[in-house]
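In: Pasting the sequence and the predicted coordinates here, then a few questions.
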Amino acid sequence: MKKYTDTGKKDTRSGFGAGLEELGKTNENVVALCADLTGSLKMDAFKENHPERFFQVGIAEANMMGMAAGMTIGGKIPFTGTFANFSTGRVYDQIRQSIAYSNKNVKICASHAGLTLGEDGATHQILEDLGLMKMLPGMTVINTCDYNQTKAATLAVAEHEGPVYLRFGRPKVANFTEENQKFEIGKAVQLTEGQDVTIIATGHLVWEALQAAEALEKDNISAEVINIHTIKPLDKEAILKSVEKTGCVVTAEEHNYLGGLGESVARVLAENMPSPQEFVATQDTFGESGNPLELLDKYGLNAKAIQQKVEKVIKRK
């Protein structure tokens, strides 16, 4: 099995900041809007180097979405920045009406998603955002796994015409994908080859899936790990090709099992190739304050949980 190395832990939000800074130099139509969280979203470099293209709107997220929608009419490519909870739940009406319905070219960039927001607690730890955004017609939904991939995705969405939801996180996590990689929206990345089970993971859970696959290999279980960075449009071909070979699947995400990646995969299988599936996700619950790693362990969102689900799903084949 191919082995992956953590080249040094970095937060995915910094990958967004690095990508935005590069876009500031290479694309004069890119503008950035932030809702009083410039430092948290790592938008400082863009602000300092391109002050005429940076708009600090304050704690007025709904206004930010409306402003961003309006800027697209003049040919600008607006990137909005705030926490995932405020990027979706707080402003869903504005996104639906002003951005999605009229297919505006707005890039909704959301940090501090999921349980790994940690000590800020349940009111900030949104676990429903992928579901909210993927249900909007025409909305592209991306959830990246590490610093390098987040930077690459930020560059890629600027070239994509149409609304995008780009989700990333706060904690420093393993940085293991290629530097300066090409990011293809809607194209899954197969990380390992396997025969016994398919593990489909997104975001922070991709590294955990790789760790689970290594542990399973010691038990003579061959796991195929697929990184689904784009929740919508979903790479159905990659999913079906893998599950046809392995006969079962485990999905893993830092999100509620209702409405997330797992449900999207289940729909693809139900329509084309009904197969045993297990879900690693939160179970219709809110989060709580705590250390990010301890929260992932408590809510069953780590390599150990993935390994347990693999062992369970294989018995169902």
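Out: Good, I have the coordinates.
In: Quick check: bridge partners of residue 78?
Out: On DSSP bridges, the residues paired with residue 78 through beta bridges are residue 31.
In: That one contacts residue 29, correct?
Out: No. Residue 78 sits out of contact with residue 29 when judged by C-beta atoms under 8 Å, with a separation of 9.4 Å. Heads up, the C-betas are built off the backbone N, CA and C, glycines and all.
In: And the two? Which one has more around it.
Out: Between residue 78 and residue 29, counted using other C-beta atoms under 10 Å, residue 78 has the larger neighbour count: 26 against 15.
In: check contacts around the more buried one.
Out: The contact partners of residue 78, taken as C-beta atoms under 8 Å, 6 or more residues apart in numbering, are 31, 32, 33, 67, 68, 71, 72, 105, 106, 107.
In: Kindly recompute the last result at 7 Å.
Out: Listed by C-beta atoms under 7 Å, 6 or more residues apart in numbering, the contact set of residue 78 reads 31, 33, 68, 71, 72, 106, 107.
In: need the next SSE after the helix or strand hosting residue 269, C-terminal direction.
Out: Residue 269 belongs to helix 261-272 when elements are defined using DSSP states H and E. Tracing the chain C-terminally past helix 261-272 and defining elements by DSSP H and E, one meets strand 277-282 next.
In: which residues touch that following strand?
Out: By C-beta under 7 Å, 6+ apart, the surrounding residues in contact with strand 277-282 are 127, 205, 249-253, 255-257, 260, 262, 265-266, 269, 299-301, 305-306, 309, 312-313.
In: Go ahead and build a PyMOL selection from the buried members of those.
Out: Below is the selection syntax for PyMOL that covers the buried ones among the contacts of strand 277-282, with 16 or more other C-beta atoms under 10 Å defining burial:
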select buried, resi 127+205+249+250+251+252+253+255+256+257+260+262+265+266+269+299+300+301+305+306+309+313
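In: Out of the contacts of strand 277-282, list just those in strands.
Out: Using DSSP state E, the subset of the contacts of strand 277-282 located in strands is 249, 250, 251, 252, 253, 255, 256.
In: List the residues that contact the last one.
Out: The one in question is residue 256. For residue 256, the contacting residues are 127, 128, 131, 281, 282, 284, taking C-beta under 7 Å, 6+ apart as the criterion.
In: Now do the contacts for residue 104.
Out: With contact set as C-beta under 7 Å, 6+ apart, residue 104 has these partners: 69, 72, 98, 163.
In: Could you rerun that using 8 Å?
Out: 68, 69, 72, 98, 163.
In: Which one of those residues is nearest to residue 157?
Out: Using C-beta to C-beta, residue 163 is the member of the contacts of residue 104 that sits closest to residue 157, with 9.8 Å.
In: How about the backbone phi and psi for that closest one?
Out: Residue 163 adopts backbone torsions of phi -70, psi 140, taken as degrees, to the nearest 10.
In: tell me the domain ranges of the chain?
Out: Partitioning the chain according to the TED database yields domains covering residues 10-175, 189-311.
In: Just tell me which of those ends up closest to residue 2.
Out: Judged by C-beta to C-beta, the one of the domains of the chain that comes nearest to residue 2 is domain 189-311, at 5.3 Å.
In: avg pLDDT for the closest one?
Out: Averaging the model's pLDDT scores along domain 189-311 yields 98.
In: mind listing what residue 193 touches?
Out: Under the criterion of C-beta under 8 Å, 6+ apart, the contact partners of residue 193 comprise 1, 2, 222, 224.
In: Strands of the stretch 151-300 of the chain, residue ranges please.
Out: 164-167, 172-173, 189-190, 197-201, 223-227, 230-232, 249-256, 277-282 (DSSP state E, counting those that start in this stretch).
In: Kindly present the ones you listed as JSON lines, with separate columns for distance to residue 142.
Out: Output for these, formatted as JSON lines (distance: least, C-beta to C-beta, whole Å):
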{"stretch": "strand 164-167", "distance to residue 142": "5"}
{"stretch": "strand 172-173", "distance to residue 142": "16"}
{"stretch": "strand 189-190", "distance to residue 142": "13"}
{"stretch": "strand 197-201", "distance to residue 142": "14"}
{"stretch": "strand 223-227", "distance to residue 142": "12"}
{"stretch": "strand 230-232", "distance to residue 142": "5"}
{"stretch": "strand 249-256", "distance to residue 142": "13"}
{"stretch": "strand 277-282", "distance to residue 142": "18"}
